[in-house]
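J.: Fold the following.
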Amino acid sequence: MSTERISRLGRLMQEHGLGAVALNPGPTFLYLTSISFHLMERPIIALFAPERQPWLILPEFERTKAETGLIDFRLATYGEDEASRRQAFEQAAAGFGLGSMRVGVEPLRLRVLELRILEAAAPEAKFVNGEPALIPVRASKDETEVQAMRKAAGIAERALEASLAHVRVGMTERELASELTLQLLRAGSDPELPFSPIVAAGPNSALPHAVPTARKMQQGDLLLVDWGASHGGYFSDITRTFALGAPDPELEQIHKIVQGANLAGRNAVRPGSTCAAVDDAARSVIARAGYADFFNHRTGHGIGLDVHEPPYIRGDNPEQLVPGMTFTIEPGVYLSGRGGVRVEDDVLVTTDGGETLTSMPRELRILG
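T.: Residues are numbered from 1 along each chain as shown. This is a model prediction of the structure:
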């Protein structure tokens with residue numbers, strides 16, 4: 001699988017005029033190599049080019065991991081001293097033949113640390129944005145990837161159900177976030193969660209990216225929970241909104257509007273449609289109800305090995321949907337000082353439409 005993915009990357013590199021690609025540890029590195037390294041003070045770089053054996057520059061103590069992987073890398077290793085590190089990068093740059101190549105990098109991933117070392121090792125090379133070649137490699141998920149995401153969704157939903165049994169008036173947002181984190185691990189999530197759960201009650205639910213606080217939940221609060229799980233490196237990302245007792249009638253009505261917008265967005269997913277069209281389908285429901293000014297973020301984002309990745313479901317994105325793409329649909333309405341509602345699901349573009357990978361009920365659920 002890794003060999004096929006690297007070959008696909010090679011074809012895309014040629015299409016976009018890239019002589020090489022330099023990647024440090026991250027989702028794309030993992031996708032292409034099936035080897036997991038974490039970012040640290042010791043740089044690790046893989047070099048890829050069409051029809052060339054790839055090189056991997058890494059600390060000597062990581063050699064065994066590289067040698068037992070699926071990719072036949074040529075290795076350049078270094079010790080703890082900067083001199084050996086510099087020599088390893090120079091060895092790889094010369095052996096690989098970086099020369100004056102246009103080298104694609106991931107601008108959201110490659111650190112200044114690695115960039116400066118690469119520039120010193122290959123001063124004639126030109127380091128450019130490699131996203132035009134790199135993004136399409138991961139955009140369309142295969143069945144193995146989709147199954148991992150289905151499992152991540154199921155784990156997340158089971159964990160929240162277990163956590164909701166503990167919700168009560170007087171519980172703090174942080175207490176529920178802690179309980180949910182524990183339940184995610186108990187339900188089988190990989191330890192690396194996509195993000196720390198967002199638990200926001202009452203006025204805090206009007207903050208789309210709220211951080212759980214010591215605020216105690218009160219009767220009548222809306223309770224917004226945005227959480228996800230990880231399985232095999234693939235993520236889920238879900239949001240549901242609840243109420244502690246009877247909510248404000250307007251907030252209850254807003255939940256119905258947002259739920260309808262979520263459904264309209266999911267129903268608009270099909271091959272050949274566009275990210276902008278899906279955004280419009282969801283956004284127009286909220287606009288017709290008079291709350292357009294209170295939906296202040298995009299409708300969704302891609303999800304996979306990254307919790308936020310292309311495609312981005314927003315009104316100015318003409319990108320066409322293709323089978324295998326996976327992304328969120330997460331419309332919301334936020335009334336400052338009062339409360340907010342978001343309903344978020346993970347969807348897959350199929351050959352003839354869309355499939356929702358998340359299944360937890362979307363109706364406003366009264367707790368307590």
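J.: Please name the residues that touch the closest residue to residue 246 other than its chain neighbours.
T.: Residue nearest to residue 246 in three dimensions, not counting chain neighbours: residue 220, with 6.6 Å by Cβ to Cβ, 6 or more residues apart in numbering. No exception for glycine: its C-beta is placed from N, CA and C like everyone else's. Counting by Cβ atoms under 8 Å, 6 or more residues apart in numbering, residue 220 touches 243-248.
J.: could those residues be laid out in a markdown table, adding pLDDT?
T.: Formatted as a markdown table, the contacts of residue 220 follow (pLDDT from 0 to 100):
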| residue | pLDDT |
| --- | --- |
| 243 | 98 |
| 244 | 97 |
| 245 | 95 |
| 246 | 94 |
| 247 | 94 |
| 248 | 95 |
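J.: Please produce a ChimeraX select command covering the buried subset of those residues.
T.: Only the buried entries of these go into this ChimeraX selection, using 16 or more other Cβ atoms under 10 Å:
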select :243,244,247
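J.: mind checking the SS state of the residue nearest to residue 246?
T.: coil (DSSP: H, G, I helix; E, B strand; the rest coil).
J.: all helices of the stretch 101-250 of the chain, in order?
T.: 112-121, 131-139, 143-164, 173-186, 249-267 (DSSP state H, counting those that start in this stretch).
J.: So which elements touch the shortest one?
T.: Packing partners of helix 131-139 (3 or more Cβ pairs under 8 Å, 6 or more residues apart in numbering; DSSP states H and E): helix 2-15, helix 27-33, strand 102-105, strand 309-313.
J.: sorry, back to before: closest to residue 330 out of the helices of the stretch 101-250 of the chain?
T.: helix 249-267 (7.5 Å; Cβ to Cβ).
J.: Touching the next helix-or-strand element following that closest one from outside, list them.
T.: Heading C-terminal from helix 249-267, the first helix or strand you meet, by DSSP states H and E, is helix 275-288. Contacts to helix 275-288, defined as Cβ under 8 Å, 6+ apart, come from residues 257-258, 260-262, 264-265, 267-269, 292, 294-295, 298-300, 311-319, 321, 329, 331, 333.
J.: For residue 365, grab the count of nearby residues.
T.: 14 (other Cβ atoms under 10 Å).
J.: one step back: let me have the helices of the stretch 101-250 of the chain in TSV, extended by mean pLDDT.
T.: TSV is the format used below for the helices of the stretch 101-250 of the chain (pLDDT from 0 to 100):
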stretch	mean pLDDT
helix 112-121	97
helix 131-139	96
helix 143-164	98
helix 173-186	98
helix 249-267	98
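J.: Could I get the helices and strands packed on helix 131-139 in a markdown table, plus columns for mean pLDDT?
T.: Below are the helices and strands packed on helix 131-139 laid out as a markdown table (pLDDT from 0 to 100):
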| stretch | mean pLDDT |
| --- | --- |
| helix 2-15 | 94 |
| helix 27-33 | 96 |
| strand 102-105 | 98 |
| strand 309-313 | 98 |
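J.: Which of the contacts of residue 220 fall within strands?
T.: 243-244 (DSSP state E).
J.: among the contacts of residue 220, which two are most distant?
T.: It's 244 and 248 that sit farthest apart of those, by Cβ to Cβ, at 11.9 Å.
J.: Quick check: pLDDT value at the spatially most distant residue from the centre of the chain.
T.: Distance from the C-alpha centroid of the chain, by Cα atoms, centre = their mean, peaks at residue 83 (36.7 Å). Note for residue 83: predicted pLDDT of 96.
J.: okay, the helix or strand it falls within in PDB with CA atoms only?
T.: Here residue 83 sits within helix 82-96, counting by DSSP H and E. Taking Å, rounded to 0.1, in the frame of the first residue of the first chain, the C-alpha atoms of helix 82-96 are listed here in PDB:
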ATOM      1  CA  GLU A  82      25.300  18.900  15.700                       C
ATOM      2  CA  ALA A  83      28.300  18.100  13.500                       C
ATOM      3  CA  SER A  84      27.100  14.500  12.800                       C
ATOM      4  CA  ARG A  85      23.600  15.900  12.200                       C
ATOM      5  CA  ARG A  86      24.900  18.300   9.600                       C
ATOM      6  CA  GLN A  87      26.900  15.600   7.900                       C
ATOM      7  CA  ALA A  88      23.800  13.300   7.700                       C
ATOM      8  CA  PHE A  89      21.800  16.000   6.000                       C
ATOM      9  CA  GLU A  90      24.700  16.800   3.600                       C
ATOM     10  CA  GLN A  91      25.100  13.100   2.800                       C
ATOM     11  CA  ALA A  92      21.400  12.600   2.000                       C
ATOM     12  CA  ALA A  93      21.200  15.800   0.000                       C
ATOM     13  CA  ALA A  94      24.200  14.700  -2.100                       C
ATOM     14  CA  GLY A  95      23.200  11.000  -2.400                       C
ATOM     15  CA  PHE A  96      19.600  11.900  -3.300                       C
END
